[in-house]
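Asker: Pasted the sequence and its predicted model underneath.
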Amino acid sequence: MARPAGGGQTSAEAQTLPGKQPARCEAMKCAILAAGCITPGGLTLAETAASTRARVARLKAIDWLDRRFDAFVVGRVSDDGLPELNAALAAQMRPSRESRMLQLAHAALADVVRDLPPQIEAPPLLLALPEHHTTIAIEPTRFLQRLALQAGPCFDLGNSIAAPRGRAAGVMAIKQALQRIESGQSKFVLVGGVDSLVDLHLLGTFDREDRIRGETISDGFSPSEGAAFVLLGDADTTRAYGIPALAHVNAAAIGQEPGHLYSDEPYLGEGLASAVSSAIDAAELPTQIASVFCTFNGERYWAREFGVARIRNAAAFADDAAMEHPAECFGDLGAAHGVALAALAAHGIARGYRRAPALVYASSDHADRAAAILDRAA
């Protein structure tokens, strides 16, 4: 399954979030207190959840053409749903992928912090950023600084980090948030992800790799864009503050897949399988997994990957476990995808239309894999 290299990770990037190591896990009762997102399926989490639950596809053809002169079919957030770019940023940034990502992140942050109680001070942010870069790479520290200017003082910039590691980075960040909360380093941690794959350079790159779904490509995905955030806190602290939880995160784990899409190594399925196994073992679930939220995007590779993980952990899954892959509705959200799945899972569990416990997992195009177990709040 090796494909042409599409943007690698530098050593500096690899240091930002855990990775390049065997699967490891954290187990504790950590609550998701709030969640928000913006996707082509909706301008808020509630709207996105409703459209994906109804299986409404929000994909459409745009004016840009692929190399066969067919229109690209993508998921795109309506411009009317985005906040204006900060005037100071607009003066120094031409319209670009990064400026759009700032607007997407701002909208999703507004969705998650809207109803938070005043006793929660601005938490640190662990942010997932794209693993695929356009002509100008997005620099993580600069992006966080610009996001703080764009969105206002809703997170603690000094203790925040961003990792350009793609879909899995958001679930990897959930694992790191558990570590911060368990150690007492932070009472609350904001985890997010933002990306836009609707970029002419990226679309051209993926098109040359035959990865974009179209009239002649069935083994492909629909590029999209969006942002998602979840606020996590220690379950005991949240109860003491009188803050209702949407769901509990019982465990999270990470893994590495040597045979990833852009590798020449043979695919063996070790990365996701080990991450899922570690998360299940740490969660010590009294019942079998009833729902799975996955980053399936239409490419066969991902179904094959989950098949390995499912077989190796067969006893942990209910026979009728539901598979949720909302990319069929709003496309591939890139680095926002993992956190969006966690937000949708928490929303569904809290409102009773998705069964718990739920496995939420995300796989990047490169080696990173991550999994988390969500359950009902006590």
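Answerer: Everything's here; your move.

Asker: So which bits of the helix or strand where Y361 lies are buried?
Answerer: For Y361, the host element (DSSP states H and E) is strand 358-363. Of the residues in strand 358-363, 358-363 count as buried by neighbour count, 16 or more other CB atoms under 10 Å. All C-beta atoms are positioned from the backbone trio N, CA, C, and that covers glycine.

Asker: Could you provide these in JSON lines, with additional columns for distance to D281?
Answerer: JSON lines is the format used below for the buried residues of strand 358-363 (distance: CB to CB, whole Å):
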{"residue": "A358", "distance to D281": "17"}
{"residue": "L359", "distance to D281": "13"}
{"residue": "V360", "distance to D281": "16"}
{"residue": "Y361", "distance to D281": "15"}
{"residue": "A362", "distance to D281": "19"}
{"residue": "S363", "distance to D281": "20"}
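
Asker: Which member of these is positioned nearest K187?
Answerer: V360 (22.9 Å; CB to CB).

Asker: Tell me which stretches of this protein form strands.
Answerer: For the chain, the strands defined by DSSP state E cover 25-38, 60-65, 71-74, 124-129, 156-164, 188-196, 225-234, 247-256, 289-293, 317-324, 358-363, 368-375.

Asker: export those to CSV and tack on distance to A137 and mean pLDDT?
Answerer: Converted to CSV, the strands of the chain look like this (distance: least, CB to CB, whole Å; pLDDT from 0 to 100):
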stretch, distance to A137, mean pLDDT
strand 25-38, 23, 79
strand 60-65, 21, 96
strand 71-74, 22, 96
strand 124-129, 10, 98
strand 156-164, 8, 97
strand 188-196, 13, 97
strand 225-234, 17, 96
strand 247-256, 22, 96
strand 289-293, 29, 98
strand 317-324, 32, 97
strand 358-363, 22, 98
strand 368-375, 18, 98
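
Asker: of all these, which lies closest to S263?
Answerer: Closest approach to S263 among the strands of the chain (CB to CB): strand 247-256, 10.7 Å.

Asker: Using PDB, write out every CA atom in the closest one.
Answerer: Provided in PDB are the C-alpha atoms of strand 247-256 (Å, rounded to 0.1, in the frame of the first residue of the first chain):
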ATOM      1  CA  ALA A 247     -19.300  11.200  29.000                       C
ATOM      2  CA  HIS A 248     -16.300   9.700  30.700                       C
ATOM      3  CA  VAL A 249     -13.000   8.900  29.100                       C
ATOM      4  CA  ASN A 250     -11.900   5.700  30.700                       C
ATOM      5  CA  ALA A 251      -8.700   5.100  28.900                       C
ATOM      6  CA  ALA A 252      -6.600   6.200  25.900                       C
ATOM      7  CA  ALA A 253      -3.700   4.700  24.000                       C
ATOM      8  CA  ILE A 254      -1.400   5.300  21.100                       C
ATOM      9  CA  GLY A 255       0.300   3.100  18.600                       C
ATOM     10  CA  GLN A 256       2.600   3.300  15.500                       C
END
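
Asker: Listing partners with orientation, what would you give for that strand?
Answerer: Paired strands of strand 247-256, with direction, are strand 25-38 (antiparallel), strand 368-375 (antiparallel) (DSSP bridges).

Asker: so which of these is the most packed in?
Answerer: Most buried of those by mean neighbour count (mean count of other CB atoms under 10 Å) is strand 368-375; its value is a mean of 30.

Asker: gap between that strand and the chain center?
Answerer: Averaging C-alpha positions (CA atoms, centre = their mean, to the nearest Å) puts strand 368-375 11 Å from its chain's average.

Asker: residues near the residue lying closest to L102 once chain neighbours are set aside, how many?
Answerer: Excluding its sequence neighbours, the residue lying closest to L102 (CB to CB, 6 or more residues apart in numbering) is Q150, at 4.7 Å. Using other CB atoms under 10 Å, Q150 has 22 neighbouring residues.

Asker: residues touching Q150, list them.
Answerer: 83, 85-86, 89, 102-103, 105-106 (CB atoms under 8 Å, 6 or more residues apart in numbering).

Asker: and if we set it to 10 Å?
Answerer: Q150 sits next to 83-86, 88-90, 99, 101-103, 105-106, 109, 143 when contact means CB atoms under 10 Å, 6 or more residues apart in numbering.
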